[in-house]
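S.K.: Okay, predicted coordinates and the sequence, questions at the end:
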Amino acid sequence: MQKLNLCVIIILVVLTSCSQSGKRHKIGVSQCSEDIWREKQNAELRMGAYLQGDVELRFAAAYDSDERQVQQIDSLVATGIDLLIVAPNQVATISPAIDRAFDKGIPVIVFERKTNSQKFTAFISADNYEMGRLMGEYIASQLHGKGRVVEIMGLEGSSPAIERHNGFADALKNFPNIEVVATLQGDWTEESAVKAVKDYQGDLNNIDFVFGQNDRMAMGARIALGTSTIKYCGIDGLPGENGGIQLVRDSLLDASYIYPTHGDQIIDLAIRILEGKPYEKETMMMSALVTRDNAKVLLMESEEIMRQSAHLDQLHRKADGYLHELDTQRVVSWLAIGVVVLLIVIIVLFYLYHLRRITLQKERVVNTLWDMKPLVPSVNQETAVMQEETSDSNQEQEEHDDPAATSLFITRFKEVVEARLDDSDVSVEDLAADMNLSRVQLYRKVKSITDASPVELLRTARLKKAYQMLLTTDKSVSEVAYAVGFTSPSYFTKCFKDEYGKVPGELRSS
Ligand code: FRU
């Protein structure tokens, strides 16, 4: 039973180890927020990881909370990631957690937003200062160098907000007749812009242009200030429904700036770092202005790309489905193999057990018949038993269950066999006749008690006698063979070897 348990455990261990498929690279992604821009980027990160294969992404979104992002980074590190991709909510607040990860030897890719620490492996973003500057120049050119503008800034302390503002302000320095009426504080969300405008105490009349540091805030300002003659610009220029490109095409925004997400490019960079290939420490992604002149074309192109990637996505899903099916089939095959192996083990163990039982049985027979002292029966009992031998097989079974009757039978059979040992012509019929039984009755009775046939017992008795003679007399092997009823010394030698594992000569010499 213990052997069986062991086999079952081994099979289960083999099966579980076969079904485990650990990914080679575990990458943590710490996003500062959750919005349509980040959703698009996360989808690209997933696609990039899928195309690379063997990459597991672990996402965390901090919903614009510094504390949450710090905790999430520490937790990601604790789960044993191989690389961290992080967009820090603010410049100063997230650095300690990023430093901790970096100090543990985990490569860090900072993307899109900066920290105030040098502890990172690579940085990838578009140029936020340049985007602010170009937006300033665009607005100034639309206003022919004269007008009133409002700027709505993104989350205080986040690097794109600082850099876009600096670029915008630097651009407007060249246009003294453009007045920045107000620089309002938002936090990248539409609601924050609505609130900033509504809460503003100063004069927002006769505004010509609003620069929202992203499209969502530009639209928030539009909600709060109305649609009259004011023009609105933002940044992000996302494709798709309600993305910046569509808003420009539909004239809800005057312009936007594509702020590239490029999650797949970030994954490529991550894999280069993880696999020790050369990589750029700092990557600036390409970007472009979206105006009414190009919005329609850009939208058409982006819709085409989105259609194609939707097809690709479908294909991937199908491929995933097939892979999953294959995996299942593999597990089923392993299970089937496991069951077959288990069955074979059971059969082998059963066979071994059976062999052992037969050997023990044989030993028991010999002991029972020639070594043990049977109960000494009275003459009457003996006669009664002899008469019973002639009755039917049911009766034989009952007698077999009676130890005294069995013992009597054994004694008698032993006497008959021993009397005939040297008679090479003796048959089972002769033995049966000596015991007043038919051949069939004798066979059944002997078999039921000893599990051996009368012939087998006769041979065992002959060999046992021969064994004693070889040890106690000077007779030659042939003489002993004839003396115990074998007609051929060579057959005797073979039977002797089968029984005792050595030939008669060996017994003698030892
Ligand atoms: C997305 C976002 C964008 C913005 C960027 C600044 O989370 O708010 O709209 O351009 O972050 O980091």
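M.R.: Looks like it came in fine. Numbers count the residues shown, from 1 in each chain.
S.K.: who touches the closest residue to Cys233 other than its chain neighbours in this structure?
M.R.: Among residues not flanking Cys233 along the chain, Ala255 sits closest, at 4.6 Å (C-beta to C-beta, 6 or more residues apart in numbering). For glycine as for every other residue, the C-beta is placed from the backbone atoms N, C-alpha and C. Contacts for Ala255 (C-beta atoms under 8 Å, 6 or more residues apart in numbering) come out as 135, 138, 233-234, 248, 289-292.
S.K.: Kindly give a single PyMOL line that selects the buried subset of the residues you listed.
M.R.: Remark: buried members of the contacts of Ala255, expressed as a PyMOL selection using 16 or more other C-beta atoms under 10 Å:
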select buried, resi 135+138+233+234+248+289+290+291
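S.K.: Now the two most distant members of the contacts of Ala255.
M.R.: Met135 and Arg292 (15.3 Å; C-beta to C-beta).
S.K.: Point me to the helix or strand that includes Val149.
M.R.: Taking DSSP states H and E as the definition, Val149 sits inside strand 147-153.
S.K.: which residues are contacting that strand?
M.R.: Taking C-beta under 8 Å, 6+ apart as the rule, strand 147-153 contacts 139, 143, 161, 164-165, 168, 172, 177-186, 193, 196-197, 204, 206-213, 217-218, 220-221.
S.K.: Surely Ile73 is in a helix?
M.R.: Yes - applying DSSP: H, G, I helix; E, B strand; the rest coil, one finds Ile73 inside a helix.
S.K.: how deep is it tucked in, by neighbour count?
M.R.: Each residue near Ile73 was counted by other C-beta atoms under 10 Å, and the total is 26.
S.K.: residue contacts, it?
M.R.: Applying C-beta under 8 Å, 6+ apart, we find Ile73 in contact with 28, 30, 60, 84, 86, 94, 97-98, 100-101.
S.K.: just those now: which is nearest Asp474?
M.R.: Nearest to Asp474 among these, counting by C-beta to C-beta, is Gly28 at 91.9 Å.
S.K.: Got the phi and psi for Val210?
M.R.: Backbone torsions of Val210, given as degrees, to the nearest 10, read phi -120, psi 130.
S.K.: which residues touch it?
M.R.: 149-152, 218, 221-222, 225, 230-233.
S.K.: partner residues bridging it?
M.R.: Val210 forms beta bridges with Val150, Tyr232, as assigned by DSSP bridges.
S.K.: how close does it sit to the ligand?
M.R.: As for Val210, its distance to the ligand is 16 Å (criterion: C-beta to the nearest ligand atom, to the nearest Å).
S.K.: Now do the strands in this structure.
M.R.: Taking DSSP state E as the test, the strands found in the chain are 25-31, 55-61, 83-86, 108-111, 122-126, 147-153, 178-185, 209-212, 231-233, 255-257, 282-285, 289-291.
S.K.: Same list, those, but as TSV with distance to Met306 please.
M.R.: Below are the strands of the chain laid out as TSV (distance: least, C-beta to C-beta, whole Å):
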stretch	distance to Met306
strand 25-31	21
strand 55-61	21
strand 83-86	23
strand 108-111	22
strand 122-126	20
strand 147-153	29
strand 178-185	33
strand 209-212	24
strand 231-233	24
strand 255-257	17
strand 282-285	19
strand 289-291	16
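S.K.: To Met435, which of those strands lies closest?
M.R.: Here strand 55-61 is closest among those (C-beta to C-beta), at 81.9 Å.
S.K.: Name the residues of the stretch 151-300 of the chain found near the ligand, please.
M.R.: Contacts of the stretch 151-300 of the chain with the ligand, taken as C-beta under 6 Å from any ligand atom, map to 154, 158, 160, 188, 214, 235-236, 259.
S.K.: Pick out the most distant pair among these.
M.R.: Across these, no pair lies farther apart than Ser158 and Asp236, at 14.3 Å, counting by C-beta to C-beta.
S.K.: so which of the contacts of Ile73 comes closest to Ser476?
M.R.: Gly28 (89.9 Å).
S.K.: Quick check: closest non-adjacent residue to the closest one.
M.R.: With sequence-adjacent residues excluded and distances taken as C-beta to C-beta, 6+ apart, Gly28 is closest to Leu76, at 3.5 Å.
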